[in-house]
Every structure is written in structure tokens, then in C-alpha cells.
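*Asks:* build me a model from this:
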Amino acid sequence: MAVKTVLIVFGALILTYGVAMSFFTHFSAGLVLILFAGACLLSAGVLYTLVQKYLWARIVLGTGVAMLFVALILGVSLAVYGRKDNVTYKENVLIVLGCGVEGERIPSHLRSRLEAAYSYYLENPNVLIVVSGGQGKGEAVTEALAMEKYLVENGVPEDKIIKEEASSSTRTNLIYSKEILDAYYNKEYTVAIVSSEYHLYRAVSIAKELGLNCTHAHAKTVGWETPIRYTRELMAIAKSVLFD
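*Replies:* Below is the predicted model:
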């Protein structure tokens, strides 16, 4: 009965969170997976007596619970890595990775990245800032243009900012930014990457794979968005490992 109760309670909590978030955030793979996980746990709890009768059902349930624990451990690992900033404030370039705008409006998770970028700029006003992000569905302008406008309005000189407006993913963010920087500099340069803490492991891994000499600084994730953002990122890492 204890297991049944735990499954019902956790399933109901996860499902309730997912349903509530569907009214406040864009539908995404992370949200879908959270809704699916909550529904599965709740169903397993309600049907626990039936689940116990079949070996295959017990195996599926056990595997699912084990995967949730692994995902939790990996999520904590992403947070620990991402929050350990190692910038020196002597880097030549600051790359700010985009993550979607709503029309022309800067949403909270992107604003957090821009605030982190601005804080870095105050410590190193000589840095060249690359704002990276193209224009996706539902976006009236490119992410890069929206980010540039935000930084300029907060006092960053426009001639200190370069826009990368063609990318549509983390990998292309960094590929196209590197192409711009390689053409801009006639010598080696160092880069600081700014992104959300959950995103930095993948971003830095790709940057180093591309040959960028980089450090990183994190932007905090809004608390109520954390489960969705981390879930989506774990799926992106899995996709990268399997297909990239």
C-alpha cells in the first residue's frame, strides 16, 4: 500500500504541475514528457494491484522509476556544473545564447541570460558581445535583434555588439558565432559563454568540440520553470549523444 500511495501522490503532483504549466508556458517536449510521466505514475498507482500480477508490468514500472532517478541525478549534475562559473573577466568575447522571444518581448528565461551578460559586461567593458539566435515560429524579430535592443537600452554601446541571426539550435548558435569571430579576429581570441545553468554543459561541450577557447557564466532559471527546462535539456543531451 505504501508503494501504491507514493505512486499516486507523486503522479498526481507531477501531472498537476504539468497541467498548470501548460497555461503559462509554451508547449514543449519537456512539458509533454512531464505530463506523460505524471500520467504513467498516477495510472500505475491506481492500477497497482493489477500491475503486481504481471511480470512485464512490474519490469516496466521498475524501469520507469529507475529512469526517473537517473534523470534526477543527471539534472542535479547539470545544475552543479552550470553554476560553477569560471570566467576570468579578461575574455575577448562574450557569446550570449538565445532561447526564444515572444513576438518582440523578452521572456523571463532570456532576460535572465541578458542580465547575466550585462553583469559580466560591467566587469569587463572591453568585451565584444555576440548575441546569437535566429527567428523562429511566433517570433516577430530575430532573437539576436531582441537581445541587442535589450542590452543597448541598458547602456551597452551598440558598437560593442555583434548579431548572429541565422542559427536555430545550440550547435548552429556556436558554429555561426565562431565563423563571425574567426573573420573578425586576425589572432587567437578567448570566449565566455553565457546561458542558463542547465544548458551550459551541452553548450560548452559543443564549443570545445568546435575549437573555441571558452569559459562560462550562468544565468539562473526561474524556479517554476526548472522541471520543464531540465527535462527538455536532458532530452536534448540524449539526442545529441545518439544522433550528432
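*Asks:* now do the phi/psi pair for the residue nearest to Glu164 when sequence neighbours are not counted.
*Replies:* Here the nearest residue to Glu164 in space, its sequence neighbours aside, is Ser132; by C-beta to C-beta, 6 or more residues apart in numbering that works out to 4.2 Å. Backbone N, C-alpha and C define where each C-beta goes, glycine included. As for Ser132, its main-chain torsions (degrees, to the nearest 10) stand at phi -120, psi 120.
*Asks:* now do the residue of the chain most remote from its centre against Ala39, distance only.
*Replies:* Note on the chain: the largest separation between a C-alpha and the mean C-alpha position, by C-alpha atoms, centre = their mean, falls on Lys53 (40.7 Å). Taking C-beta to C-beta, to the nearest Å as the measure, Lys53 falls 21 Å from Ala39.
*Asks:* go through the chain and flag its longest helix.
*Replies:* Ranked by residue count, the top helix of the chain under DSSP state H comes out as helix 55-82.
*Asks:* what is it packed up against?
*Replies:* With contacts defined as 3 or more C-beta pairs under 8 Å, 6 or more residues apart in numbering; DSSP states H and E, helix 55-82 has these neighbours: helix 29-46, helix 48-51, helix 200-209, helix 226-243.
*Asks:* okay, the angle between that helix and helix 226-243?
*Replies:* Compare the direction of helix 55-82 with that of helix 226-243 by axes from the mean of the first three to the mean of the last three C-alpha atoms, to 10 degrees and you get 100 degrees.
*Asks:* contact partners for Thr190?
*Replies:* Shown here is Thr190, whose contacts under the criterion C-beta atoms under 8 Å, 6 or more residues apart in numbering are Lys90, Glu91, Asn92, Val93, Asn213, Cys214, Thr215.
*Asks:* go again with 7 Å.
*Replies:* Residues in contact with Thr190 (C-beta atoms under 7 Å, 6 or more residues apart in numbering) are Glu91, Asn92, Asn213.
*Asks:* any idea which element the first one lies in?
*Replies:* Per DSSP states H and E, Glu91 falls between elements, in no helix or strand.
*Asks:* pretty sure it contacts Tyr189?
*Replies:* No - contact between Glu91 and Tyr189 fails when scored by C-beta atoms under 7 Å: they sit 8.2 Å apart.
*Asks:* same drill for those two, tell me which one is more crowded.
*Replies:* A direct count of neighbours by other C-beta atoms under 10 Å for Glu91 and Tyr189 places Glu91 higher, at 22 against 15.
*Asks:* quick check: phi and psi on the more buried one?
*Replies:* Its backbone dihedrals place Glu91 at phi -70, psi 150, with angles given as degrees, to the nearest 10.
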